[in-house]
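Novice: With the input below, show me the fold.
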Amino acid sequence: MNQPLTARQLSRKTGLSFAICRDVIPQLAGYGLIRCLNSSARRSRLYWLTKLGESCQPGFLKRLGKKSVEHSVPNLDWTLYGSVCFTHRSAIIKVLTEPMQPSTIKRKARSRDATLHMSANNVRNVIRLFLAQGIVHPVHVRKKAHLRYELTEIGKRFQELLWRVEAFA
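Specialist: Have a look, this model is predicted:
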């Protein structure tokens with residue numbers, strides 16, 4: 001674990017079932033190996049290694065024949081990041097690489113993941129939430145009738161983390 005992960009992300013990364021990860025996480029926390037970064041969240045809680053967990057990890061990785069990893073926790077609002085770890089929200093953040101309107105965001109997200117069931121109205125609702133949270137901002141494009149949206153700096157940092165999580169899975 002070299003970046004904070006939710007139970008579902010940890011499940012994908014390890015190949016263990018979500019139910020097993022959900023049950024093991026409290027045990028690891030009880031042993032003081034991991035901690036929750038956004039404990040007030042009801043869903044999408046993010047977990048990270050404690051100092052004890054970081055000191056134990058090299059031994060576990062060595063036994064598995066894997067190399068050690070470097071640890072650094074970015075300085076972020078982890079509660080806000082946890083709120084974007086839901087399927088539709090993260091899909092929208094991942095495809096926002098340029099100013100786009102909701103219908104384009106939907107098309108790009110669905111072409112990237114055919115199992116994603118999302119309408120342009122879903123995208124508009126999420127964009128309104130992201131506007132309120134400061135994750136996106138509107139962009140006026142000359143000679144275009146509809147607003148486009150692009151990521152703010154915090155949105156770009158979230159996008160980078162989401163891509164890194166996906167690369168590990």
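Novice: Which parts of the chain belong to which domain?
Specialist: Domains of the chain are assigned by automatic domain parsing as 7-75, 84-168.
Novice: winner for burial among the ones you listed?
Specialist: domain 84-168 (a mean of 16; mean count of other Cβ atoms under 10 Å). Using the backbone N, CA and C atoms, a C-beta is placed for each residue, glycine as well.
Novice: and that domain, how far from the chain's centre?
Specialist: Its chain's C-alpha centre and that of domain 84-168 lie 13 Å apart, by Cα atoms, centre = their mean, to the nearest Å.
Novice: Switch the domains of the chain over to CSV; also include mean pLDDT.
Specialist: Shown next, in CSV, are the domains of the chain (pLDDT from 0 to 100):
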stretch, mean pLDDT
domain 7-75, 85
domain 84-168, 91
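Novice: could you pull out the helices for this protein?
Specialist: Here the chain has its helices, by DSSP state H, at 7-14, 18-30, 51-63, 78-83, 87-95, 102-112, 120-133, 153-168.
Novice: Was I right to think residue 113 contacts residue 88?
Specialist: No - Residue 113 lies out of contact with residue 88 (Cβ atoms under 8 Å); the separation is 10.4 Å.
Novice: Mind putting the helices of the chain into TSV with distance to residue 42?
Specialist: Converted to TSV, those look like this (distance: least, Cβ to Cβ, whole Å):
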stretch	distance to residue 42
helix 7-14	13
helix 18-30	14
helix 51-63	24
helix 78-83	10
helix 87-95	15
helix 102-112	25
helix 120-133	16
helix 153-168	20
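Novice: what's next to stretch 15-27, contact-wise?
Specialist: Residues outside stretch 15-27 that contact it (Cβ atoms under 8 Å, 6 or more residues apart in numbering): 7, 8, 10, 11, 14, 34, 47.
Novice: gap between the fourth one and residue 46?
Specialist: This points to residue 11. For residue 11, the distance to residue 46 equals 14 Å [Cβ to Cβ, to the nearest Å].
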